[in-house]
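1. I would like to see how this sequence folds:
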Amino acid sequence: MRDNDGRTLDHKTLEAMRLRAVGQVQAGVHPEEVAAVLGMDRSTVYGWVAKFRAGGQAALTARPVPGRPPKLSGAQLRRLYTLIVGRDPRQVQFAFGLWTREMVRVLIRREFGVGLSVVSVGRPLRRLGLSPQGPLGRAYQQHPDAVEAGRAERFPAIRAEAAAAGATVLVADEAGIRSDHHAGTTWAPVGRPRCWPRPGPATRST
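-> Residues are numbered from 1 along each chain as shown. Now for the predicted structure:
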């Protein structure tokens, strides 16, 4: 795992951390101890101290970032993350249950009055740690306790019975085409695909 060098932080937050770290070193705390407390790489803290000694406090202040300023503020990005991760699109007046870039573009204009192209919508979404993923289908009639009991108790017993009889356990399922099938993706936190509730039988015959 790579140590944190602060590049994922916004400039004002990073400036405050630099000033705090150097202040602690000036007060007698060892740089490596400061790095451990702040969760930063020790070489980063040593670099801050070197900049301070060469150029004083001014060397630690945030400088204007060249280029166009971002269209969405930090507060707006946090609000956007909450809306996308915390809600189904249908809860905020969309007809479809998977987040697409076009839907996020409409949401940004509706919530913040900011116009973005469909292509540029992907940049703030990726900054928030989101990516387009295939959702996990899950029947809303499913009983999680019954599923877990089947995995922990019923199937091991069936497997043991088959082994004693010299038999093989085969698992089969019916194939079919669903009217509610989807092949799209939805924006969700990386590594945490969204669950897509769908109808399905609560029990199966054997």
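2. Show me this structure divided up by domain.
-> 11-60, 71-139+182-206 (automatic domain parsing).
3. now those domains in TSV, with distance to Val169?
-> No exception for glycine: its C-beta is placed from N, CA and C like everyone else's. Compiled in TSV, the domains of the chain are given as follows (distance: least, Cβ to Cβ, whole Å):
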stretch	distance to Val169
domain 11-60	49
domain 71-139+182-206	12
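4. Format these as CSV; extra columns: mean pLDDT, mean neighbour count and distance to Ala146.
-> What follows is the domains of the chain, written out as CSV (pLDDT from 0 to 100; neighbours: other Cβ atoms under 10 Å; distance: least, Cβ to Cβ, whole Å):
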stretch, mean pLDDT, mean neighbour count, distance to Ala146
domain 11-60, 88, 15, 43
domain 71-139+182-206, 78, 14, 8
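5. Please, where are all the helices along this protein?
-> Listed in chain order, the helices of the chain (DSSP state H) span residues 11-26, 31-38, 42-55, 74-86, 101-112, 118-127, 144-149, 155-165.
6. Show residues contacting the second one.
-> Read that as helix 31-38. For helix 31-38, the external contacting residues (Cβ atoms under 8 Å, 6 or more residues apart in numbering) are 17, 20-21, 24-25, 41-42, 44-46, 49.
7. and that helix, how far from the chain's centre?
-> Using Cα atoms, centre = their mean, to the nearest Å, the distance from the centre of helix 31-38 to the centre of the chain it belongs to is 27 Å.
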